[in-house]
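Student: what follows is a predicted protein model with its sequence.
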Amino acid sequence: MSVKPIREHAGKSLLEKLLPEVSGGKHKMGCAGVLVTPAVLDPTSGQTWDKILQENPWLKTTNLVAKPDQLIKRRGKAGLIAVNKTFDEAKQWVMDRMCKEQKVEHVTGQLTHFLIEPFVPHKQEQEHYICMLSHRYHDEILFYHEGGVDVGDVDAKAEKLELATGEAMTEALVTEKLLSKLPAAKKANMASFICSLYKFYGDLHFAYLEINPLVMLDDNTVIPLDMAAKIDETANFLVAQKWGELDWPPPFGRAAYPEEALIHEMDGRTGASLKLTILNEKGRVWTMVAGGGASVVYADTVADYGMGHELANYGEYSGAPSTEETFVYAKTLLSLMMKYKHPEGKFLIIGGGIANFTDVAATFTGLIKALQEYADDIKEHNIKILIRRAGPNYLEGLRKVKAASDKLGLGIKVYGPETHITAIIPMALGLIKDLPEPDLSAPCGPPVRKMIDLKGKKPTPKGHPAAPAGTKHTLVTATPDTTCIVYGMQNRAVQGMLDFDYMCKRKQPSVEAMIFPFSGNHYVKFYWGTEEILMPVYTTTKEAVQKHPKTSVFVNFASFRSVHETTMEAMNHGNLKTVAIIAEGVPEQQTRDIIKVAEKKGVGIIGPATVGGIKPGCLRIGNTGGMLDNIVMSRLYRPGSVAYVSKSGGMSNELNNIVARNSDGVYEGVAIGGDRYPGSRFLDHFLRYQDDPKAKMLLLLGEVGGTDEYDLIEAKKKGRITKPVVAWCVGTCASCFTTEFIEMILMVTADHGPAVSGAHNTIVTARAGKDLVSSLCSGLLTIGPRFGGALDDAAKMFADAQSSGVAPKEWIDKMKKSNQLIMGIGHRIKSLANPDQRVEIIKGFAKKNFKSTPVLDYALAVEQITTKKRANLILNVDGCIAVSFVDMIRSCGAFSKEECDDLMAFGCLNGLFVLGRSIGFIGHYLDQLRLKQPLYRHPWDDITYIQELAGQGPE
């Protein structure tokens with residue numbers, strides 16, 4: 001992720017240095033304080049307390065504040081701020097905590113960095129709150145006149161100002177929109193400071209800046225007491241001199257590892273992408289994944305198989321790293337794996353999607369070198385290695401690894417594109433048997449096409465609603481006559497595009513010209529099938545467009561340093577309707593600027609950080625689709641019916657493979673890029689696909705945490721998108737209300753006192769001296785239709801009744817005629833006048849959080865009728881849980897109606913009751929042991945016998 005948090009000391013130091021400059025000398029900040037590191041524990045290190053005091057003599061002359069500087073929120077409430085201390089007191093406070101474990105809320109970590117700064121005496125009314133954050137089309141500034149630790153929900157009560165990208169901020173605008181509640185005497189100075197702060201925010205490429213409290217003293221001096229900030233790291237090449245040496249701290253609770261720093265340094269030196277984050281250095285499951293999207297998929301799958309707690313690392317290598325870079329990356333991972341030995345062994349999963357342009361054989365040569373170096377350690381630590389990879393030269397790469405494995409005795413299993421991308425994970429974890437390894441002597445052929453019979457198929461709608469304002473697409477759909485200009489000497493990519501054109505039987509090449517500003521105009525030789533052709537190369541975009549006026553697509557291979565300038569120039573030419581930005585690492589401010597101009601000019605943008613896109617039979621952008629063998633395997637040479645949009649470039653080629661194996665093929669595929677602000681979004685492309693009759697089915701590959709996916713959901717709800725949509729959002733996240741609701745069920749079903757049959761049996765068995773499991777079983781065996789076993793029946797009854805469309809009164813009469821009890825209705829003592837609070841809580845939660853509650857509403861309508869007969873015939877807790885659960889699973893979108901019915905038929909709800917009541921039974925068992933209760937004897941007067949007197953039988 002390009003936006004990263006910085007330390008408070010770093011943010012304040014930048015403000016101290018640059019605020020006078022951006023404010024024209026109007027404002028300046030006092031001392032930013034001093035950062036104390038673990039080096040003070042070592043007298044021989046560069047930082048000692050004596051040296052700190054020598055460099056900062058003010059520490060002895062003023063009272064101080066000391067606090068950890070490690071991205072910890074709510075430090076004051078956690079007791080992690082020392083206020084109004086002398087230097088010796090602050091020093092002692094820091095030393096008492098330095099490198100010690102500290103729990104903050106639910107996270108435990110080491111305190112290693114502390115900020116000591118001057119104490120600023122002030123009054124509560126002098127504390128204010130300000131926050132600046134960036135969005136796709138605007139920056140947002142929040143201000144609240146009452147700041148401090150108890151500021152509360154600022155989103156709800158702060159005054160807000162939105163500035164469109166490129167819009168200037170004025171003091172008058174700030175005063176009008178943000179400072180209405182500030183005393184008049186303070187407004188002018190505060191408005192001036194906010195304008196200066198916003199200029200500082202933009203000039204240094206901040207993406208988030210929060211100051212709370214921001215103190216304005218009586219002399220109008222403005223002092224930020226607490227600051228949290230995030231900076232766009234990709235802007236380093238623009239403002240590195242202003243930033244200086246910035247530290248990128250890890251989140252609190254996760255240590256910073258030298259291995260991470262090594263990979264981060266390598267990443268900064270190479271054009272490839274190398275990332276490594278260590279999650280659990282003692283974990284058993286390690287991954288070496290090619291591709292950012294694939295790395296999320298692999299981590300997600302490991303978590304889905306219940307091994308998230310054993311996932312040791314997260315990272316990726318992509319963008320065609322060299323053999324040596326791959327060697328260092330693999331060697332770093334293996335060295336980390338050898339730190340701790342696990343008695344059950346470990347797993348190394350080497351995976352990835354189907355590469356577009358990374359040479360698999362070259363990267364695997366580096367991997368083999370690392371395996372050779374650590375072969376003995378791998379065997380000693382009992383590490384099981386599985387590989388799944390595909391892409392350019394993948395067969396050679398897999399063959400090399402397999403040969404090295406056999407020679408070294410490592411037992412590595414290797415798989416290619418014939419195996420699903422995540423299939424090696426359950427194999428590695430021992431959850432399924434290892435699949436047979438493929439024949440590596442020949443490439444994988446096209447998959448066998450499977451025909452699926454659709455029963456009860458709905459007719460395709462003949463039309464669709466008109467596009468509402470703001471939802472019309474601007475991207476131009478490619479045709480077999482579409483041509484492009486390529487910026488940059490990307491000969492390999494251009495030859496790949498021409499090979500694709502020839503295979504698709506285009507009449508002419510899709511690339512008309514190239515642009516390379518660092519040499520004179522010349523020609524480059526390429527192949528059109530077996531025929532040689534000469535491609536013109538120009539030094540300027542203007543000349544290329546003038547000489548090729550029919551060209552509509554601009555494929556920009558410029559580096560992240562120059563891509564903004566070249567894209568802006570390209571958009572000045574009206575015939576260029578689509579621009580693909582391949583470069584990764586484009587600063588967000590520049591991307592937002594490109595988006596603003598593109599939307600104004602009606603130019604479609606693909607990227608940044610994209611591999612491009614592909615439309616079989618028409619156009620291939622750059623390296624999309626990989627080598628020709630993959631084009632053939634995925635049938636990308638002729639159009640199918642499935643159109644997809646992916647955030648991940650690497651995973652887009654994997655989608656080509658998946659679609660080819662499960663449908664008639666790809667109609668069009670676009671990788672919009674993984675940046676926070678892609679030039680075009682999912683909906684831009686899906687609106688095109690909706691309007692194109694040849695696209696029959698839509699496929700989305702998004703990510704958990706994204707927001708653009710919701711636009712498609714809304715378009716689907718409103719009927720703007722009517723075609724079938726399959727969405728795969730990678731990442732791990734549980735819906736908060738779903739888990740909260742299930743937890744609520746477990747709580748309300750856990751216990752209902754000691755006298756009910758289940759608890760009673762558990763108590764009797766426990767007092768007979770039996771163990772926990774026996775006591776628990778005796779209680780659970782009483783669960784049935786009369787006690788706790790009615791949830792599934794109630795769910796099925798009410799769900800069927802509501803779905804049938806029968807009115808509640810008619811349904812009640814029908815049940816009465818058939819002598820059927822209505823499950824979930826009735827209580828011994830509760831009524832509408834004296835409601836069961838458990839029912840009220842569940843009912844209220846469902847109404848507030850679920851998308852719709854038709855079954856609950858139906859049950860409540862039934863309750864209104866039954867309570868007229870008898871006051872206690874209310875919807876009881878079992879019934880309320882049952883109908884609310886049905887509404888939840890039906891409305892959440894994760895299950896079809898058939899799957900919902902299956903869950904009820906399988907006893908899912910009764911299972912929840914059993915799970916919840918087990919907790920209560922265990923509590924009763926433990927109570928009996930704690931109270932040392934003797935053997936239970938039941939009162940005689942509660943036992944009834946029927947005895948027939950002898951001789952009094954029927955005559």
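Tutor: That came through, no problem. If you're wondering where the values come from, they're calculated on a predicted model, not measured in any experiment.
Student: tell me the contacts of K615?
Tutor: Residues in contact with K615 (C-beta atoms under 8 Å, 6 or more residues apart in numbering) are T477, A478, P639, Y667, E668, G669. The C-beta positions use only the backbone N, C-alpha and C, and glycine is treated the same way.
Student: neighbour-wise, which of those leads?
Tutor: Most neighbours among those, by other C-beta atoms under 10 Å: G669, with 27 neighbours.
Student: quick one: classify that residue as helix, strand or coil.
Tutor: With DSSP: H, G, I helix; E, B strand; the rest coil as the basis, the three-state label of G669 is strand.
Student: quick one: residues contacting it.
Tutor: By C-beta under 8 Å, 6+ apart, G669 lies in contact with G613, I614, K615, T624, A643, Y644, V645, S646, S652, L655, N656.
Student: so what strands line up beside the helix or strand where the fifth one lies?
Tutor: What it means is A643. Applying DSSP states H and E as the criterion places A643 in strand 642-646. Strand pairing for strand 642-646, using DSSP bridges, gives strand 666-671 (parallel), strand 697-703 (parallel).
Student: now render the ones you listed as JSON lines, adding distance to L19 and mean pLDDT.
Tutor: Below are the strands paired with strand 642-646 laid out as JSON lines (distance: least, C-beta to C-beta, whole Å; pLDDT from 0 to 100):
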{"stretch": "strand 666-671", "distance to L19": "41", "mean pLDDT": "96"}
{"stretch": "strand 697-703", "distance to L19": "37", "mean pLDDT": "93"}
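Student: distance of the residue nearest to R97 when sequence neighbours are not counted from M95?
Tutor: Leaving aside its sequence neighbours, R97 sits nearest to L111 (C-beta to C-beta, 6 or more residues apart in numbering; 4.9 Å). Using C-beta to C-beta, to the nearest Å, L111 is found at 11 Å from M95.
Student: next one: A228
Tutor: Using C-beta to C-beta, A228 is found at 26 Å from M95.
Student: same question for A871.
Tutor: Counting by C-beta to C-beta - A871 and M95 are separated by 69 Å.
Student: which residue ranges of the stretch 201-350 of the chain form helices?
Tutor: 236-243, 258-269, 292-304, 323-337 (DSSP state H, counting those that start in this stretch).
Student: gap between the third one and the chain center?
Tutor: It stands for helix 292-304. Distance, stretch centre to chain centre, for helix 292-304: 11 Å (C-alpha atoms, centre = their mean, to the nearest Å).
Student: again, but for stretch 649-668
Tutor: Put simply, stretch 649-668 sits 22 Å off its chain's centre (C-alpha atoms, centre = their mean).
Student: and what of stretch 553-561?
Tutor: Worked out by C-alpha atoms, centre = their mean, stretch 553-561 lies 28 Å from the chain centre.
Student: that one: end-to-end distance?
Tutor: Chord length of stretch 553-561, first to last residue, is 21 Å (C-alpha to C-alpha, to the nearest Å).
Student: longest strand of the protein, counting residues only.
Tutor: Longest strand in the chain, counting residues (DSSP state E): strand 206-216.
Student: other residues contacting that strand?
Tutor: Contact with strand 206-216 is made by 3, 11, 120, 122, 126-134, 147-148, 151, 186, 189-190, 197, 200-201, 222-232, 588, as judged by C-beta under 8 Å, 6+ apart.
Student: try stretch 776-789
Tutor: By C-beta under 8 Å, 6+ apart, the list of residues contacting stretch 776-789 reads 749, 756-762, 764-765, 770, 793, 878, 910, 913-914, 917-918, 921-922, 924-925.
Student: now with 7 Å, please.
Tutor: Residues outside stretch 776-789 that contact it (C-beta atoms under 7 Å, 6 or more residues apart in numbering) are 756-759, 761-762, 765, 910, 913-914, 917-918, 921-922, 925.
Student: then stretch 900-917?
Tutor: Taking C-beta under 7 Å, 6+ apart as the rule, stretch 900-917 contacts 745-746, 749-750, 758, 780, 783, 788-789, 791-792, 795-796, 799, 882, 885-886, 889-890.
Student: could you turn the buried ones of these into a ChimeraX selection?
Tutor: Selection of buried members from these for ChimeraX, criterion 16 or more other C-beta atoms under 10 Å:
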select :745,746,749,750,758,780,783,788,789,791,792,795,796,799,882,885,886,889,890
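Student: which ones among the contacts of stretch 900-917 lie within strands?
Tutor: Judged by DSSP E, the contacts of stretch 900-917 include no members of strands.
Student: in helices, which of the contacts of stretch 900-917 appear?
Tutor: Those of those mapping onto helices are 745-746, 749, 758, 780, 791-792, 795-796, 799, 882, 885-886, 889-890, per DSSP state H.
Student: how far off centre is the helix or strand bottoming out on mean pLDDT in the chain?
Tutor: Among the helical and strand segments of the chain, the one scoring lowest on mean pLDDT, DSSP states H and E is helix 736-749, with a mean of 74. Helix 736-749 has its C-alpha centroid displaced from the chain centroid by 24 Å (C-alpha atoms, centre = their mean).
Student: and that helix, what other elements does it pack with?
Tutor: With contacts defined as 3 or more C-beta pairs under 7 Å, 6 or more residues apart in numbering; DSSP states H and E, the packing partners of helix 736-749 are helix 837-849, helix 877-891, helix 908-930.
Student: pull out the buried residues from it.
Tutor: By 16+ other C-beta under 10 Å, the buried positions in helix 736-749 come out as F737, F741, I742, M744, I745, L746, V748, T749.
Student: still on that earlier bit, among the helices and strands packed on helix 736-749, which is nearest G719?
Tutor: Among those, helix 877-891 comes nearest to G719, with 18.3 Å by C-beta to C-beta.
Student: show me the contact partners of the closest one.
Tutor: Outside helix 877-891, the residues that reach it (C-beta under 7 Å, 6+ apart) are 738, 741, 745, 748, 790-791, 794-795, 798-799, 823-825, 836, 838-839, 842-843, 846, 850-856, 859, 895, 900, 903, 909.
Student: export only the CA atoms of it, formatted as CSV.
Tutor: C-alpha atoms of helix 877-891 as CSV (Å, rounded to 0.1, in the frame of the first residue of the first chain):
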residue,chain,number,x,y,z
VAL,A,877,-37.4,-16.3,22.0
ASP,A,878,-37.1,-19.5,20.0
GLY,A,879,-39.5,-18.2,17.3
CYS,A,880,-37.9,-14.8,17.2
ILE,A,881,-34.4,-16.3,16.8
ALA,A,882,-35.7,-18.6,14.1
VAL,A,883,-37.4,-16.0,11.9
SER,A,884,-34.7,-13.4,12.3
PHE,A,885,-32.1,-16.0,11.3
VAL,A,886,-34.0,-16.8,8.1
ASP,A,887,-34.2,-13.1,7.3
MET,A,888,-30.5,-12.7,7.9
ILE,A,889,-29.4,-15.5,5.6
ARG,A,890,-31.9,-14.6,2.9
SER,A,891,-31.1,-10.9,2.8
